[in-house]
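Structural data only, the sequence is not supplied:
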């Protein structure tokens, strides 16, 4: 089955700097890669996602890149703000076939933005 | 749009009792709902996949007789933790899947979670 590895487990950056979180996946059939932000005591919130037919997607300060050949994808947050502090999870799934729609999550990254 | 609610948000119960958690998609019909469990400072682990009108599919290691899932309609799924014990204390999160782009893609929307504490 799919296995998703996420690094780093913790990340501390100065406000205004950029943060990068990286994930690798094992199943070449996976074609959907969402990123979630989870604040303490709350459910995960989708912040951006990418499908395997594109290599990069951007939404204001957030961008995701995908390298299908290397089976890795990354989250980039620019101009970080204190409210970006949270735990971020990457995930992978596939739309079709055995295990379709099941999200396999990375281990999570605790991002702290220092004012 | 695409709001998923859970009830209750927090529950404390005595060991041996059963607890029911509801998951509702408020403004869309979900093709599939998923139940996850998350222990402190850990990732989300899928427990089961639930489709309306059919039996849930449980992940390996998840006891189906302990975690009863009922998916009565396209907007409601329930998880019942039977004979709860302290080790069942966790954060339970549901998600609802909806087909997008004319039925080509799926996207999951998560509920706010339910904190279960078993004394």
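The structure has been received and is ready for your questions. All values derive from a computational prediction rather than experimental measurement.

drop to CA atoms for contacts and neighbour counts, all remaining ones
Noted.

Would you quantify the distance from the closest residue to chain B within chain A to residue B:45?
At 4.1 Å from chain B, residue A:43 is the closest residue in chain A, using C-alpha to the nearest C-alpha. Here residue A:43 is placed at a distance of 13 Å from residue B:45 (C-alpha to C-alpha, to the nearest Å).

These two: which has the busier surroundings?
More crowded of residue A:43 and residue B:45, by other C-alpha atoms under 10 Å in any protein chain shown: residue A:43, with 22 against 17.

Could you check the pLDDT of the more buried one?
Predicted confidence (pLDDT) for residue A:43: 94.

With residue B:46 instead?
94.

Any idea what it is bridged to?
Going by DSSP bridges, residue B:46 is paired in beta bridges with residue B:36.

Quick check: the residue nearest to residue B:52 when sequence neighbours are not counted vs residue A:100, distance?
Excluding the flanking residues, the one nearest residue B:52 by C-alpha to C-alpha, 6 or more residues apart in numbering or on different chains is residue B:71, at 4.9 Å. Per C-alpha to C-alpha, residue B:71 is found 19 Å from residue A:100.

And the average pLDDT for the helix or strand harbouring residue B:80 is what?
Assignment of secondary structure by DSSP states H and E places residue B:80 within strand B:76-81. Mean pLDDT, computed over strand B:76-81, is 96.

Chain A against chain B: which residues are in contact?
Counting by C-alpha under 8 Å from any C-alpha of the partner chain, chain A comes close to chain B at A:41-46, A:89, A:95, A:101-108.

Only whichever of the residues you listed are buried, select them in PyMOL.
One line in PyMOL is enough to select the buried ones among these; burial here means 16 or more other C-alpha atoms under 10 Å in any protein chain shown:
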select buried, chain A and resi 42+43+44+45+46+89+95+101+102+103+104+105+106+107+108
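
Among the residues of chain A next to chain B, which lie within strands?
Among these, the subset assigned to strands under DSSP state E consists of A:45-46, A:89, A:104-105.

tell me the two of these that are most distant?
Using C-alpha to C-alpha, these reach their maximum pairwise distance at A:45 and A:104, which is 15.4 Å.

Return the distance of the lowest-mean-pLDDT helix or strand in chain B from the chain's centre.
Using mean pLDDT, DSSP states H and E, strand B:105-110 stands out as the lowest-scoring helix or strand of chain B, at a mean of 82. Its chain's C-alpha centre and that of strand B:105-110 lie 14 Å apart, by C-alpha atoms, centre = their mean, to the nearest Å.

how much space is there between residue B:49 and residue A:110?
On the measure of C-alpha to C-alpha, residue B:49 and residue A:110 end up 28 Å apart.

Of the two, which one has the most company?
residue B:49 (22 against 19).

who's in contact with that one?
B:32-35, B:56-58 (C-alpha atoms under 8 Å, 6 or more residues apart in numbering or on different chains).

repeat that for 7 Å
B:33-35, B:56-58 (C-alpha atoms under 7 Å, 6 or more residues apart in numbering or on different chains).

Quick check: nearest residue in space to residue A:29, chain neighbours excluded?
Nearest residue to residue A:29, sequence neighbours excluded (C-alpha to C-alpha, 6+ apart): residue A:94, at 6.5 Å.
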